[in-house]
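> Turn this into a structure:
(one chain, ligands or ions: 1)
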Amino acid sequence: MRRHHRTTPRVTRLLGSLLLLAAGTFTLGAAPAEHPSAGQRDAAPLGGIVPAPASVEPGGAPYRITRDTAVRVDDNREVRRVGAYLAGILRPSTGYRLPLTTHGHGGIRLRLGKGPFGAEGYRLHSGADGVTLTARTPAGLFHGVQTLRQLLPAAVERDSVQPGPWQVAGGTVQDAPRYPYRGAMLDVSRHFFTVRQVERYIDELALYKINELHLHLSDDQGWRIAIDSWPRLATYGGSTQVGGGPGGHYTKADYREIVRYAASRYLEVVPEIDMPGHTNAALASYAELNCNGTAPPLYTGTDVGFSSLCAPKPVTYDFADDVIRELAALTPGRYLHIGGDEAHSTSHADYVTFMDRVQPIVARYGKTVVGWHQLTGATPAKGALAQYWGLDDTDPAEKAQVVKAAQHGTGLVLSPADRLYLDMKYTEDTPLGQDWAGLVEVRRAYDWDPGHYLQGAPDSAIRGVEAPLWTETIRTSADIDFMAFPRLPGAAELGWSPAAGHDWDAYKVRLAAQAPRWDALGIGYYRSPQVPWPAG
Ligand code: NGO
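Sure, this is the predicted structure:
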């Protein structure tokens with residue numbers, strides 16, 4: 001692939017941003033040389049987006065969306081749906097009709113076509129006559145739409161009519177992700193989040209081309225998904241949360257709605273039932289799941305590592321079978337996450353027995369196992385993914401165990417806690433979050449390479465990255481936003497953009513340019529001093 005934009009000398013860009021900063025009139029975009037006219041003042045230069053596209057060839061006349069613009073789609077249900085989604089974003093702020101049509105020419109065109117796009121890539125071509133997005137799949141078109149969104153002025157995100165002009169820089173973007181797994185996790189157990197709150201987060205994730213939503217559905221403090229064969233899990237086990245609030249759970253209809261909404265944004269839901277530890281909510285709901293036959297009380301604290309399912313008891317596997325069967329039936333996605341972290345109250349032998357018995361259940365119901373990387377201390381099933389959540393300085397022996405599993409075919413999703421845990425405080429003054437893995441400022445979250453993180457792990461084993469948000473201290477959507485922004489877009493870029501273009505100095509300028517968009521979307525964020533935010 002050609003890399004015109006990427007070869008822009010770094011020094012020039014850096015100098016450009018410094019000059020802008022010095023002038024105190026920071027405008028959107030990384031490369032001032034690409035800011036020719038006043039009408040373009042507020043629009044991003046081609047490529048000045050997050051995550052950075054694989055290749056950008058700026059040039060030619062820009063395209064301006066006007067009241068005569070139509071959104072032209074292939075005569076295909078899904079393409080039409082992506083077109084309707086795009087029009088839904090553009091109509092309120094432009095005030096234009098933007099009709100969806102399969103006829104005519106010019107305007108904004110969404111088409112399926114052949115090309116080097118892979119399953120999720122796209123090409124965006126912008127010129128005087130229109131913008132054309134081409135992809136092999138609707139998912140590719142959807143990601144292309146996110147690029148188009150970011151190329152338009154931030155005011156396009158507002159829900160009332162704005163002045164415009166609505167101009168897209170001229171040129172061609174050719175784009176495809178580095179990794180197939182680009183995830184975010186939301187812990188809905190420690191604090192419960194409603195369907196609407198989850199959907200809000202999904203929309204935020206989609207803007208950055210994240211394609212996996214991992215839901216941490218059970219933990220010591222709450223069981224959040226209705227299971228018909230074990231109804232007390234949700235009705236009793238879900239009846240509280242950290243600090244003792246009312247908790248809550250998803251009915252099957254709620255969960256299906258989340259899955260449907262995620263799919264409409266091209267995200268796959270990865271449900272997690274954490275086992276055999278982190279199970280107090282289940283143990284409290286059913287006495288027979290406990291080795292001693294006695295149900296403990298519900299738990300609303302934040303300690304970890306004290307609970308365990310009873311590996312020697314047959315009923316444990318009936319339970320696991322029922323839960324996995326019902327959850328798999330609700331889940332169109334490929335994966336089912338079985339946790340496996342911090343089983344400190346389970347002996348190693350019991351842990352291995354448990355995983356040996358539970359992993360085949362996941363396979364029986366047609367899903368692929370994902371587990372936290374402690375799973376590599378047992379025998380990961382064929383095709384399983386292990387999610388690494390250690391630190392840069394985790395014990396080399398523990399890392400070696402993960403690397404060895406990767407060499408034997410286990411796929412890896414990287415979530416280093418001192419890089420990608422969105423619940424870590426930014427600084428010691430951050431009012432929310434924890435600091436057990438250290439403080440994680442924006443640069444630290446971005447500035448590492450998933451391809452070279454675990455020495456010795458084969459390239460083919462690295463399936464991608466995931467940014468987990470644990471919610472011991474997180475209660476509201478505003479809390480979610482503050483911890484996710486601005487670190488989440490960095491995680492997304494690590495998963496999407498080519499390693500060759502990774503550059504903090506260029507990234508922080510593109511990141512800063514996102515802030516007016518977050519303002520327009522009502523997303524509050526941490527104004528890290530490491531990022532050259534626009535004034536105001
Ligand atoms: C750990 C622990 C979770 C905590 C989280 C808080 C994993 C995989 N297990 O991560 O239970 O909520 O840290 O940062």
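> where along the stretch 401-536 of the chain do the helices fall?
Using DSSP state H, counting those that start in this stretch, the helices of the stretch 401-536 of the chain run over residues 417-420, 442-446, 477-484, 488-496, 504-512, 515-521.
> So which of those helices is the most surrounded?
Comparing the helices of the stretch 401-536 of the chain by mean neighbour count (mean count of other CB atoms under 10 Å), helix 488-496 comes out on top with a mean of 27. For the C-beta atoms, the positions are set from N, CA and C on the backbone; glycine is no exception.
> what's the angle from it to helix 477-484?
Helix 488-496 and helix 477-484 are oriented at 50 degrees to each other (axes from the mean of the first three to the mean of the last three CA atoms, to 10 degrees).
> and helix 488-496 with helix 504-512, angle?
120 degrees.
> follow-up on the earlier one: quick one: which of the helices of the stretch 401-536 of the chain is nearest the ligand?
helix 417-420 (6.4 Å; CB to the nearest ligand atom).
> counting contacts, what elements does the closest one pack onto?
If contacts are counted by 3 or more CB pairs under 8 Å, 6 or more residues apart in numbering; DSSP states H and E, helix 417-420 sits against helix 442-446, strand 462-469.
> want to try a markdown table for the helices of the stretch 401-536 of the chain, with mean pLDDT and distance to the ligand as columns?
Formatted as a markdown table, the helices of the stretch 401-536 of the chain follow (pLDDT from 0 to 100; distance: least, CB to the nearest ligand atom, whole Å):
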| stretch | mean pLDDT | distance to the ligand |
| --- | --- | --- |
| helix 417-420 | 98 | 6 |
| helix 442-446 | 98 | 14 |
| helix 477-484 | 98 | 11 |
| helix 488-496 | 98 | 15 |
| helix 504-512 | 98 | 24 |
| helix 515-521 | 98 | 24 |
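> need the ones you listed in JSON lines with distance to Ala262, can you?
Shown next, in JSON lines, are those (distance: least, CB to CB, whole Å):
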{"stretch": "helix 417-420", "distance to Ala262": "20"}
{"stretch": "helix 442-446", "distance to Ala262": "24"}
{"stretch": "helix 477-484", "distance to Ala262": "16"}
{"stretch": "helix 488-496", "distance to Ala262": "16"}
{"stretch": "helix 504-512", "distance to Ala262": "25"}
{"stretch": "helix 515-521", "distance to Ala262": "18"}
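> for those helices, which one sits closest to Thr94?
When the helices of the stretch 401-536 of the chain are compared by CB to CB, helix 515-521 sits nearest Thr94, at 13.2 Å.
> residues making contact with that closest one?
28, 42, 150, 154-158, 204, 207, 481, 485-486, 524-525, 533-534 (CB atoms under 8 Å, 6 or more residues apart in numbering).
> Which pLDDT does the model give Leu98?
Looking at Leu98, its pLDDT is 98.
> can you count the residues close to it?
23 (other CB atoms under 10 Å).
> quick one: contacts for it?
Per CB under 8 Å, 6+ apart, neighbours of Leu98: Ile65, Thr69, Ala70, Val71, Ala87, Leu90, Arg91, Ile108.
> Which ones among those map onto strands?
Ile65, Val71, Ile108 (DSSP state E).
> Am I right that Ala84 is in contact with Pro99?
No. The pair Ala84 / Pro99 is not scored as a contact, 10.7 Å apart, by CB atoms under 8 Å.
> So which other helices or strands are in contact with the one helix or strand Glu272 maps to?
Glu272 is part of strand 268-275, with elements assigned from DSSP states H and E. Packing contacts for strand 268-275, counted by 3+ CB pairs under 8 Å, 6+ apart, involve strand 212-216, strand 218-219, helix 252-264, helix 314-330, strand 335-339.
> Follow the chain on from that strand and name the next helix or strand.
helix 280-285.
> Restricting the selection to alpha carbons, write that next one to PDB.
Only the C-alpha atoms of helix 280-285 are listed here, as PDB (Å, rounded to 0.1, in the frame of the first residue of the first chain):
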ATOM      1  CA  ASN A 280     -20.100 -15.000  45.000                       C
ATOM      2  CA  ALA A 281     -23.300 -13.700  43.500                       C
ATOM      3  CA  ALA A 282     -24.000 -17.200  42.100                       C
ATOM      4  CA  LEU A 283     -22.900 -18.900  45.300                       C
ATOM      5  CA  ALA A 284     -25.200 -16.700  47.300                       C
ATOM      6  CA  SER A 285     -28.100 -17.500  45.000                       C
END
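> which helices and strands sit right next to it?
Going by 3+ CB pairs under 8 Å, 6+ apart, helix 280-285 lies up against strand 218-219, strand 222-223, helix 232-235.
> can you tell me if it touches the ligand.
No. Contact of helix 280-285 with the ligand (CB under 6 Å from any ligand atom) is absent, the minimum separation being 11.7 Å.
> again, but for stretch 341-351
Yes. On the criterion CB under 6 Å from any ligand atom, stretch 341-351 is in touch with the ligand at Asp341, Glu342.
> tell me the mean pLDDT over that stretch?
Stretch 341-351 comes out at a mean pLDDT of 96.
> For this structure, what lies in contact range of the ligand?
Going by CB under 6 Å from any ligand atom, the residues of the chain near the ligand are Val304, Asp341, Glu342, Trp372, Trp389, Tyr421, Asp423, Gln434, Trp470, Glu472.
> for those residues, which one is nearest His191?
So of the residues of the chain next to the ligand, ranked by how close each gets to His191 (CB to CB), first place is Glu472, at 7.9 Å.
> Just give me the neighbour total for the closest one.
Using other CB under 10 Å: Glu472 sits among 21 other residues.
> Touching, it and Gly243? I think so.
No. Using CB under 8 Å, Glu472 is not in contact with Gly243; the gap is 9.1 Å.
> so where is this protein shaky, pLDDT-wise?
Applying pLDDT under 70 to the chain flags the ranges 1-43, 536.
> ok, what's across the strand from the most centrally placed residue in it?
Against the mean C-alpha coordinate of the chain, by CA atoms, centre = their mean, the closest residue is Ala184 at 3.3 Å. Beta-bridge partners of Ala184, counted by DSSP bridges, are Leu213, Ala467.
> Give me the distance between it and the ligand.
Counting by CB to the nearest ligand atom, to the nearest Å, the separation of Ala184 from the ligand is 14 Å.
> Please produce JSON lines containing the helices and strands packed on strand 268-275, extended by mean neighbour count.
As requested, the helices and strands packed on strand 268-275 are arranged in JSON lines below (neighbours: other CB atoms under 10 Å):
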{"stretch": "strand 212-216", "mean neighbour count": "26"}
{"stretch": "strand 218-219", "mean neighbour count": "30"}
{"stretch": "helix 252-264", "mean neighbour count": "17"}
{"stretch": "helix 314-330", "mean neighbour count": "18"}
{"stretch": "strand 335-339", "mean neighbour count": "25"}
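> between the ones you listed, which one is nearest to Thr427?
strand 212-216 (25.6 Å).
> got the CA positions of that closest one in PDB?
Extracted C-alpha coordinates of strand 212-216, given in PDB (Å, rounded to 0.1, in the frame of the first residue of the first chain):
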ATOM      1  CA  GLU A 212     -15.800  -6.400  19.900                       C
ATOM      2  CA  LEU A 213     -17.900  -5.500  23.000                       C
ATOM      3  CA  HIS A 214     -17.000  -7.700  25.900                       C
ATOM      4  CA  LEU A 215     -19.600  -7.700  28.700                       C
ATOM      5  CA  HIS A 216     -18.400  -8.800  32.100                       C
END
